[in-house]
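*Asks:* Predicted structure and sequence below. I'll ask about it afterward.
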Amino acid sequence: MKETKRSTLELVKSGSKKSDVLDGIQGFYDEDNFNRMLSLERKRTQRSKKPFLLMLLDISKLVNPHPNLVVIRGIGKSLEDCVRETDVRGWYRRGAIIGVIFTDLVSACEATRDTIIGKCLQYIARAVDPRDLAKIEVTFHVFPEDQDKGNCSGRFDMSLYKDLMENERKNNLPRKVKRMIDIVGSLLALVMFSPVFLVIAAAIKLTSEGPVLFRQERVGLWGENFVFLKFRSMHVKQGENPHKKYVEKLIRKNESANGSGSGEETVFKLKDDARITPIGHFLRKSSLDELPQFINVLRGEMSIVGPRPPIPYEVEIYDTWHRMRLLSVKPGCDALVTRFSPSSWQMDRSELLLKGAGAQTWRFEENDDKTWQRVPETRDPISLVKR
């Protein structure tokens, strides 16, 4: 007790502003503040492009049934000696899991990880009895995840998002209510549009060879893949997929996928796509090809309201902050076609892809003839200030 009071007094006397969030014995952030720091570090990495490493020391076997304060103090002192002042250490889970955030790394490759973790384990091994050391489980987690796996397919390491998981748990009731609305709404839609389903299925079979439904892998909430359903609007036998090159050019180069990136008006839709069937043009224009997505809603893979679910190869070329949309909300079927008017204000799926991926923003301007057009809006800070 005296040691705790003395440590706290030293923090106050030194003028440290962290005295209210640091534990006087181990010098750790408490659980809430450590996970807040983890959230802030994610946001910092999204802008700086410098990865960070989260090391977790699971000491739950040492605190059951009673905490071994001697071992915990030894681990705390070891970490204090081996980490940098800019690194963050604290309780990832109070009394059970210790976390250390190694910030602002030049690289998070395997060699860097081995060096950092090896050094920490050496310091801990000097202060902890070998029998107690065997009870500690060490894991590491890299953000962004593609730094760790080489090729990110959209899956998330949820250990890096504990704050988001806690918010999800706290919002359990609204989430259940929304799920009930999705179930009732999708069931009603499937019953009401069942005659339309039969007519469209017959039209597809009569005009082209192949299945009625088009199935494609998409990325949903938390990076989980699911089978996305639509009425087939393209021929089954296709050559090279131009959509993949189109999306890559759209996101990476921030220019028109159909043009050269010059001063011409930007076009978001693939023009004269030979893959589309005769009935497919009507289905796409009327958005009737999207009706089977109510089956995805009923399964719980999508919601009636939500953003467009991306294709895995789109997620592979997302920037780090683009991928955060996959953590915010379940994908939905209403964002694929949003209509402001029957023609001039229709926002197609490719434009919504841009809004989701952050490649470009738009505004509406009125012409001299009182019609409206979409105009690309720059993200240049100087021009935004001028406006």
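*Replies:* That came in fine, so what should we check first?
*Asks:* Tell me the spacing between residue 50 and residue 105.
*Replies:* For residue 50, the distance to residue 105 equals 6 Å [CB to CB, to the nearest Å]. Every C-beta, even on glycine, is put in place using the N, C-alpha and C of the backbone.
*Asks:* what's the distance between residue 314 and residue 333?
*Replies:* Going from residue 314 to residue 333 by CB to CB gives 18 Å.
*Asks:* contacts for the lengthiest helix in the chain?
*Replies:* As assigned by DSSP state H, the longest helix anywhere in the chain is helix 172-192. Identification of contacts with helix 172-192 by CB atoms under 8 Å, 6 or more residues apart in numbering yields 168, 197, 291, 294, 295, 297, 298, 300, 303, 304.
*Asks:* and the next element down the chain from that helix?
*Replies:* helix 194-207 (DSSP states H and E).
*Asks:* got the angle for that following helix vs helix 172-192?
*Replies:* Here helix 194-207 points in a direction 60 degrees away from that of helix 172-192 (axes from the mean of the first three to the mean of the last three CA atoms, to 10 degrees).
*Asks:* How many residues are close by residue 191?
*Replies:* Neighbour count for residue 191, taken as other CB atoms under 10 Å: 8.
*Asks:* Pick out whichever of residue 50 and residue 105 has more residues nearby.
*Replies:* residue 105 (17 against 14).
*Asks:* show me what contacts that one?
*Replies:* 50, 51, 52, 53, 112.
*Asks:* do the same with residue 235
*Replies:* With CB under 8 Å, 6+ apart, residue 235 has these contacts: 208, 209, 210, 275, 276, 277.
*Asks:* which of those residues count as buried?
*Replies:* Burial by neighbour count, 16 or more other CB atoms under 10 Å: within the contacts of residue 235 this picks out 208, 275, 276, 277.
*Asks:* Not counting residues beside it along the chain, what's closest to residue 106?
*Replies:* Spatial nearest neighbour of residue 106, chain neighbours left out: residue 50 (7.0 Å); criterion: CB to CB, 6 or more residues apart in numbering.
*Asks:* helix/strand/coil for the one you found?
*Replies:* Here residue 50 is coil, with the state taken from DSSP: H, G, I helix; E, B strand; the rest coil.
*Asks:* Correct me if wrong: it contacts residue 102.
*Replies:* No - contact criterion CB atoms under 8 Å: residue 50 and residue 102 do not qualify, at 10.9 Å.
*Asks:* Go through the contacts of helix 172-192 and flag which are in helices.
*Replies:* Among these, DSSP H puts 168, 197, 294, 295, 297, 298 in helices.
*Asks:* Next one: the second one from residue 223, what distance?
*Replies:* If I follow you right, that is residue 197. The value you get for residue 197 to residue 223, if CB to CB is used, is 31 Å.
*Asks:* Then residue 276?
*Replies:* 30 Å.
*Asks:* got it, and residue 166?
*Replies:* Using CB to CB, residue 166 is found at 18 Å from residue 223.
*Asks:* Compare neighbour counts for these two and give me the winner.
*Replies:* Shown here are residue 166 and residue 223; by other CB under 10 Å, residue 223 has more neighbours (19 against 13).
*Asks:* was I right about the more buried one contacting residue 155?
*Replies:* Yes - the criterion here is CB under 8 Å, and residue 223 meets it with residue 155 at 4.2 Å.
*Asks:* Quick check: the gap between residue 79 and residue 117.
*Replies:* From residue 79 to residue 117 the distance is 12 Å (CB to CB).
*Asks:* Which one of those two is surrounded by more residues?
*Replies:* Shown here are residue 79 and residue 117; by other CB under 10 Å, residue 79 has more neighbours (22 against 17).
*Asks:* List the residues that contact the closest residue to that one other than its chain neighbours.
*Replies:* Closest residue in space to residue 79, ignoring its immediate chain neighbours: residue 89 at 5.3 Å, by CB to CB, 6+ apart. Counting by CB under 8 Å, 6+ apart, residue 89 touches 27, 28, 29, 34, 76, 79, 80, 83, 98, 99, 100, 101.
*Asks:* cutoff 10 Å now
*Replies:* Residue 89 sits next to 22, 26-29, 34, 37, 55, 57, 75-76, 79-80, 83, 98-102 when contact means CB atoms under 10 Å, 6 or more residues apart in numbering.
*Asks:* now residue 117
*Replies:* With CB under 10 Å, 6+ apart, residue 117 has these contacts: 53, 55, 100, 102, 138, 139, 140.
*Asks:* Kindly reformat the contacts of residue 235 as CSV containing pLDDT and distance to residue 308.
*Replies:* What follows is those, written out as CSV (pLDDT from 0 to 100; distance: CB to CB, whole Å):
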residue, pLDDT, distance to residue 308
208, 88, 25
209, 88, 28
210, 89, 24
275, 80, 20
276, 87, 19
277, 88, 22
